[in-house]
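[1] Any chance you could fold what I've pasted below:
(2 chains)
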Amino acid sequence: MDKQTPLVDMRDIHISFGGIHAVDHVSIDLYPGEVVGLLGHNGAGKSTLIKILSGAYQADGGEIYINGEKAEIHNPRDARKFNIETIYQTLALADNLDAASNLFLGRELVTPIGTVDDDAMEAETRKIMAKLNPNFQKFSEPVSALSGGQRQSVAIARAVYFDAKILIMDEPTAALGPHETQMVSELIQQLKTQGIGIFLISHDIHDVMELCDRASVMKNGELVGTVDVKDVTDDDLLSMIILGKRPEGVNVQG
Amino acid sequence: MQNQAKNLINKLGLDPRLLGMIGALVAIWIVFGIFTDGRFLSPRNFFNLSVQTASVAVMATGMVFVIVTRHIDLSVGSMLGFIGMAVAALQVQILPDLVGLGHWSVWIIAVIAAILMGALLGAFQGWIIGYLAVPAFIVTLGGLLVYRGAMWWVTEGQTQAPLDTTFRLLGGGAEGTLGESLSWIFGIVAALAAVTLMLLSRRNKANHGFAVKPAWAEGILLAIAAGGIIGFVWIMNSYPISKGAMKRMTKAQGIEYTDGMVWNHGVAIPVVILLIVAIVMTVIATRTRFGRYVYATGGNPEAAELSGINTRWLTVKIFSLMGALTGIAAVIASARLNAVDVGLGTLDELRVIAAAVIGGTALAGGAGTIYGAVIGALIMQSLQSGMASVGVDAPLQNIVVGVVLVFAVWVDIVYRRRAGA
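    Take a look at the predicted model:
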């Protein structure tokens, strides 16, 4: 795996807000078919780092390479061109619109005369929802009327539908019950086998140990290190997160 | 009984809020009808009401987009005045020298100039709001003062009159209508179009295997839509043109006027303009990407931006559209009065905002309909005309309109809370 060109290579990324180094010269990478966990406390800089990749923020410095080529990502539209899809922690849904409108937001299906084709979008939404969350039925109601899990599945469907090559999941299971969490785990496994690279931001060490190949740990905006998950224990990861201490006798990158 | 009614409304797929607004409108009409011994319910009054509503309603459709995206536009009244004055000066002072007095192209140039001016002024305001991040309230409050001042400068405060004779038709009046036969044709075509569209949409849904309304419910809706359009045309065609105007018009057309000859008004041209604007705006709101982005941005600006929508550019487009509609409204308002003085459009911004808000547009953003805004404008105008015809003093009229505005929004808030939306 290491000999391949990384799908994503973020080098020396830094950004500060009002003098605070939210992300302080961090480098991480991601290979096809790999899940990299991003760990750290609230405010460690994980979400900020990932929002630079998804185009929501612009870095003050550093470079992003996609498939070995330098990529300029200035806004979310640019990120979508590189097949980067993001499931935000806030889900980023327009509450007043229905599931289909949200799923296709910014990429609507249109009729031959250029008007939005709501019926076709609803039909597509029904198809993908039948796979992701067969219990989902509320297609004509605004997403504000949906439960947390249903809203989450809309956000996931949106990221998965458009042939993502790089998937960013920011706390994808935070709002979910055990059954739905299990479904997300299975989905991640399935996407891996399709060669999609996934950044998974999570608070849950068990999630990371179970789903991820590698884990990058951040603390106070800096990268503590990146480790192979199979080389470390839960406690090793915890001490990286809490103390910023690299485990001994383990190959740590970054 | 109550449950049966609810069930029926559900089956018909009608918006309860729409029914509420129509109910309020009909109640206002009936009350004023009683107080005026039926004068308020005469074809003559409905004709005047439709013409008086047109200018504010045209702007209200644009205000829906502005408010849906959590902005406000306080400048529309002044902008209407400024554009009206500029276009009047164009007709009275400039074009007669260029193309000749009464030339056929005068009204076309004037209308295009009005729409272009509005679109450009609006785009400039939208640019300041979207790209320089100055709040819309402040930008358009500035616009309110700037345009009112600029209006005075166009002609040093002189009233501009009379306007081009063809241009004047756009404001209504005895001549400014479709006439009887054309009104019938208009009504029949509109009714057929409505029925066709509803049937097409039903077939489309059925093709995708989605649930459709029962056939009888669809039938009732078709009947209401077609009946409403034809009924409206019938009322407009029941208002006879006055003798004086008849003599003028028959002379112009080279027909001999005889006693007992009756022509009726038909649908006024400004009302036709309003209907076209309302239909186009509804299509934009519900069937285009632009419209979808307007509502998405109103519902969650951050999500819209993250979904790749260029919300700054969207703001420019929304305010430019608002400006273009203000240009159309300026044409209607100035043509109706056949003169423009420095007071034209004063306080119109508040009427427009009130119409949109009474029509169910939420100031918190994300919700609002074009038809609601048009009905809202009609409710406002009905109240005002009604009170004037009953003989209520002008100050009391303002008080009543103000109270109704607050009351209507409170009812809407309660309704939203109940509906859980």
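
[2] and the gap between the residue nearest to the spatial centre of chain B and chain A?
    Centroid-nearest residue in chain B: B:A57, 2.0 Å away (criterion: Cα atoms, centre = their mean). B:A57 sits 24 Å away from chain A, taking Cβ to the nearest Cβ, to the nearest Å as the criterion. Yep, even glycine has a C-beta here, placed from its N, CA and C like the rest.

[3] Who are the packing partners of the helix or strand of chain B with the lowest mean pLDDT?
    Lowest mean confidence among the helices and strands of chain B (mean pLDDT, DSSP states H and E): helix B:2-12, at a mean of 73. Secondary-structure packing of helix B:2-12 (3 or more Cβ pairs under 8 Å, 6 or more residues apart in numbering or on different chains; DSSP states H and E): helix B:215-236.

[4] can you pull the buried residues of the helix it packs on?
    The neighbour-count check on helix B:215-236 (16 or more other Cβ atoms under 10 Å in any protein chain shown) flags B:A217, B:E218, B:I220, B:L221, B:L222, B:A225, B:A226, B:I229, B:F232, B:V233, B:I235, B:M236 as buried.

[5] Now for B:G172: which residues touch it?
    The contact partners of B:G172, taken as Cβ atoms under 8 Å, 6 or more residues apart in numbering or on different chains, are B:V51, B:A54, B:A268, B:I269, B:P270, B:V271, B:A335, B:R336.

[6] one more time with 6 Å
    By Cβ atoms under 6 Å, 6 or more residues apart in numbering or on different chains, the contact list for B:G172 reads B:V51, B:A268, B:P270, B:R336.

[7] neighbour-wise, which of these leads?
    Within these, neighbour counts (other Cβ atoms under 10 Å in any protein chain shown) peak at B:P270, which reaches 30 neighbours.

[8] still on that earlier bit, what's the next secondary structure element after the least confident helix or strand of chain B?
    Proceeding N to C from helix B:2-12, the next assigned helix or strand is helix B:16-35, under DSSP states H and E.

[9] Can you mark which positions in that following helix are buried?
    Those would be B:R17, B:M21, B:A24, B:L25, B:I28, B:W29, B:F32, B:G33, B:F35, for helix B:16-35 by 16+ other Cβ under 10 Å.

[10] Report the lowest-confidence entry in the residues you listed.
    Lowest pLDDT within those is found at B:R17 (82).

[11] what about the nearest residue to that one once chain neighbours are set aside, how many residues close to it?
    In space, B:R17 comes closest to B:G360 once its chain neighbours are excluded; the distance is 5.3 Å by Cβ to Cβ, 6 or more residues apart in numbering or on different chains. Residues near B:G360, counting by other Cβ under 10 Å, number 25.

[12] from memory B:G360 sits against B:P16, does it?
    No: taking contacts as Cβ atoms under 6 Å, B:G360 lies outside contact range of B:P16: 10.7 Å.

[13] Any idea how far stretch B:228-239 is from the middle of the chain?
    For stretch B:228-239, the separation from the chain centroid amounts to 19 Å (computed by Cα atoms, centre = their mean, to the nearest Å).

[14] Tabulate the CA atom coordinates of that stretch in PDB.
    Extracted in PDB, the C-alpha atoms of stretch B:228-239 (Å, rounded to 0.1, in the frame of the first residue of the first chain):
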ATOM      1  CA  GLY B 228     -61.800  30.800 -11.000                       C
ATOM      2  CA  ILE B 229     -60.100  32.000 -14.200                       C
ATOM      3  CA  ILE B 230     -63.200  32.200 -16.200                       C
ATOM      4  CA  GLY B 231     -65.200  33.800 -13.300                       C
ATOM      5  CA  PHE B 232     -62.600  36.500 -13.000                       C
ATOM      6  CA  VAL B 233     -62.700  37.300 -16.700                       C
ATOM      7  CA  TRP B 234     -66.500  37.300 -16.500                       C
ATOM      8  CA  ILE B 235     -66.500  39.900 -13.700                       C
ATOM      9  CA  MET B 236     -64.000  42.100 -15.600                       C
ATOM     10  CA  ASN B 237     -66.200  41.700 -18.700                       C
ATOM     11  CA  SER B 238     -69.300  42.900 -16.700                       C
ATOM     12  CA  TYR B 239     -67.900  46.400 -16.100                       C
END
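
[15] What is the nearest of the buried residues of helix B:16-35 to chain A?
    Using Cβ to the nearest Cβ, B:R17 comes nearest to chain A of those, at 14.5 Å.

[16] pretty sure that closest one contacts B:T361?
    No: using Cβ under 6 Å, B:R17 is not in contact with B:T361, being 11.0 Å away.

[17] Pretty sure B:A377 sits in a helix.
    Yes: the assignment for B:A377, made by DSSP: H, G, I helix; E, B strand; the rest coil, places it in a helix.

[18] which SS state does the residue most central in space within chain A fall under?
    Nearest residue to the geometric centre of chain A (Cα atoms, centre = their mean): A:I168, 1.5 Å. Following three-state DSSP, we place A:I168 in the strand state.

[19] give the contact list for it.
    Contacts of A:I168 (Cβ under 6 Å, 6+ apart): A:I50, A:S54, A:T86, A:F199.

[20] residues in contact with the strand or helix carrying A:D24?
    Taking DSSP H and E as the criterion, A:D24 maps to strand A:20-30. Outside strand A:20-30, the residues that touch it by Cβ under 6 Å, 6+ apart are A:6-15, A:36, A:45, A:48-49, A:197, A:216, A:221-223, A:254.

[21] Give the PyMOL command for selecting the buried subset of those residues.
    Buried subset of these, written as a PyMOL selection, criterion 16+ other Cβ under 10 Å:
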select buried, chain A and resi 6+7+8+9+10+13+14+15+36+45+48+49+197+216+221+222+223
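
[22] Let me know the next secondary structure element after the helix or strand hosting B:T297.
    Per DSSP H and E, B:T297 falls inside helix B:289-299. The element immediately downstream of helix B:289-299 (helix or strand, assigned by DSSP H and E) is helix B:301-306.

[23] do that next one and chain A meet?
    Yes: applying Cβ under 6 Å from any Cβ of the partner chain, one finds helix B:301-306 touching chain A at B:A303, B:L306.

[24] can you give me the mean pLDDT across that helix?
    Mean predicted confidence for helix B:301-306 is 93.

[25] Any buried residues in the very next helix or strand once past it, and which?
    Next in sequence after helix B:301-306, counting helices and strands by DSSP H and E, comes helix B:311-337. For helix B:311-337, the neighbour count (16+ other Cβ under 10 Å) marks B:311, B:314-337 as buried.

[26] ok so A:F136 is a helix residue?
    No: counting by three-state DSSP, A:F136 is not part of a helix but coil.

[27] Wait, it touches A:M129, no?
    Yes: counting by Cβ under 6 Å, A:F136 touches A:M129, with 4.4 Å between them.

[28] Mind listing the shared neighbours of these two?
    Here A:F136 and A:M129 have no joint contacts, going by Cβ under 6 Å, 6+ apart.

[29] Grab the nearest non-local neighbour of A:I156.
    Ranked by Cβ to Cβ, 6+ apart and with sequence neighbours excluded, the top spatial neighbour of A:I156 is A:I87, at 5.8 Å.

[30] Tell me the confidence at the residue nearest to the centre of chain A?
    The predicted structure scores A:I168 at 94 on the pLDDT scale.

[31] ok, A:E85 - how many residues close by?
    Using other Cβ under 10 Å, A:E85 has 22 neighbouring residues.

[32] Same check on the one 4 residues further on?
    Here the neighbour count serves as a burial measure; for A:Q89 (other Cβ under 10 Å) it reads 17.

[33] That one: what's its closest spatial neighbour, skipping adjacent residues?
    A:D170 (4.2 Å).

[34] Could you pull up the residues touching the one you found?
    Residues in contact with A:D170 (Cβ under 6 Å, 6+ apart) are A:S47, A:Y88, A:Q89, A:I201.
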